[in-house]
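> dropping a prediction and its sequence here:
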Amino acid sequence: MKNWDELSFDFNSTGGENLRRYYKRGEWTAPEYTTSEYVPVHICSASLNYGLQAFEGIKAFRGVDGKVRLFRPYAHAARMASGARKLCLPMPSAEEFVAACVDVVRRNIEFLPPYESRAALYVRPVLFGTKPRLTVRPSDEACFCVFATPVGPYFKDGIRPIDAIVNRNQDRSAPLGTGDVKVGGNYASSMLSYEEAHNLGYQAVLYTESVEHRYIEECGAANFIAIKGDRYITPKSPSILPSITNDSLMQLAKDKGLEVEQRPVDVAELPTFEECGACGTGAIITPLGNVFDPESGEKIHYGDEVGPVLLDLYKSLQDIQYGRVPDIHDWCVVVE
Ligand code: PLP
Ligand code: COI
């Protein structure tokens, strides 16, 4: 593959191998590998009809030392397991999950972008209910797949700021719903608000919680983070996906002596922040240049360039992912 830096965050087909395992009669089949990009799905399956599906997104990086590192796959395994519990789906063990991801990286090693590029190999585990059943019940049959594709940054300009719009008219998730797990339904419920924001010229939607529409939830498919003086501020809510990138950034912020506040964040606080951003595996850290609040009519301008604190955190995160500094928190799994 050429022109790694021109890759978008998309399924960039390579023809490489993916893995499948099937759960039937109480046990998982051994991993199978194929180059087919299609999975057989029954027309009446629980995933196709009732959305019984969970997924993850993990990046593998080629390091400065030539080693290949998968970033925090055990944390992704734990998050998929929490989604599987909520959806009553069977789930492979954490060890099996990580082994599957490592195996898929190995089998797609020729599609792993080189160290110098801004691209990475994105590993996507997907778990879905395969039981053909018309009644609305848990699926005791499932498929676990892992595929890999090289990707560029989620927001195509990388670390360049994007614009977001505050949303109060379409909820992404409910407090006691599925917002805290990575399941397809959350993305289905975000589609219309994304489309509306996009048509107005915004690249991201800043969701508010579904009770008062007063507190910030997430920024599109990423967590919201803000900097105010020496404080790293990020929303706390039961309907936010616990981002592994955000968790890592909170640790790095603490390591740098910043105070970390994970608490409800009122939309009214937006003008008081010095830097704002969206963070996630795909987004890494994407700064917000402007945030428009249609209710107040106010457009808050944070800057045309990434701010110094978010840039520093971005570099520190990538230093670990690319093996430029010791992995003191033991986050990376080296793919031998
Ligand atoms: N929030 C949502 C809704 C997401 O889809 C993602 C992406 O995975 C994130 C947050 C960031 O999570 P992570 O950093 O674990 O990728
Ligand atoms: C990620 O950041 O890894 C995501 O999964 C975001 C989105 C593509 C769903």
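Structure's in. What do you need? Numbering: from 1, shown residues only. Ligands and ions are numbered 1, 2, ... in the order given.
> could you use CA atoms for every contact and neighbour count after this?
OK.
> for the nearest residue to G282 once chain neighbours are set aside, helix, strand, or coil?
In space, and not counting its chain neighbours, G282 is closest to Y154: 4.8 Å by Cα to Cα, 6 or more residues apart in numbering. In three-state terms, and counting by DSSP: H, G, I helix; E, B strand; the rest coil, Y154 is coil.
> okay but A77 is in contact with F97, surely?
Yes: judged on Cα atoms under 8 Å, A77 makes contact with F97 at a distance of 6.1 Å.
> residues in contact with the residue nearest to G282?
Y154 sits next to S8, F9, G282, A283 when contact means Cα atoms under 8 Å, 6 or more residues apart in numbering.
> quick one, what contacts the first one?
Looking back up the chat, that one is S8. V151, G152, P153, Y154, K156.
> looking at the fourth one now. What's its pLDDT?
In this prediction, Y154 carries a pLDDT score of 72.
> distance between stretch 115-124 and the chain's centre?
Between the centre of stretch 115-124 and the centre of its chain there are 14 Å (Cα atoms, centre = their mean, to the nearest Å).
> how about that stretch: buried residues?
Neighbour counts over stretch 115-124 (16 or more other Cα atoms under 10 Å) mark Y115, R118, A119, A120, L121, Y122, V123, R124 as buried.
> strands - which of these land there?
Of the buried residues of stretch 115-124, the ones assigned to strands by DSSP state E are A120, L121, Y122, V123, R124.
> that older thread, how about the contacts of Y154, which pair is most distant?
Greatest spatial distance in these: S8 and A283, 11.7 Å, computed using Cα to Cα.
> so for the two, which residues contact both of them?
Applying Cα under 8 Å, 6+ apart, one finds that S8 and A283 are jointly contacted by P153, Y154.
> quick one, helices of the chain?
Using DSSP state H, the helices found in the chain span residues 46-50, 73-87, 94-107, 184-188, 191-199, 244-255, 308-321.
> buried sites along the second one?
Neighbour-count burial for helix 73-87 flags 73-77, 79-84, 86-87 (criterion: 16+ other Cα under 10 Å).
> kindly report the same for the fifth one.
Residues of helix 191-199 classed as buried: S193, Y194, A197 (neighbour count, 16+ other Cα under 10 Å).
> check the fourth one too.
The neighbour-count check on helix 184-188 (16+ other Cα under 10 Å) flags G184, G185, N186, Y187 as buried.
> and the residues you listed as a markdown table, adding distance to H301?
Formatted as a markdown table, those follow (distance: Cα to Cα, whole Å):
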| residue | distance to H301 |
| --- | --- |
| G184 | 32 |
| G185 | 32 |
| N186 | 29 |
| Y187 | 28 |
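> low-confidence ranges in the protein?
Scanning the chain for pLDDT under 70 picks out 1-2, 155-158.
> tell me how far the residue nearest to G282 lies from ligand 2.
According to Cα to the nearest ligand atom, to the nearest Å, Y154 and ligand 2 sit 7 Å apart.
> start and end of stretch 110-127, how far apart?
Using Cα to Cα, to the nearest Å, one end of stretch 110-127 lies 25 Å from the other.
> stretch 52-68 too?
33 Å.
> do stretch 249-263 as well
Taking Cα to Cα, stretch 249-263 runs 16 Å from one end to the other.
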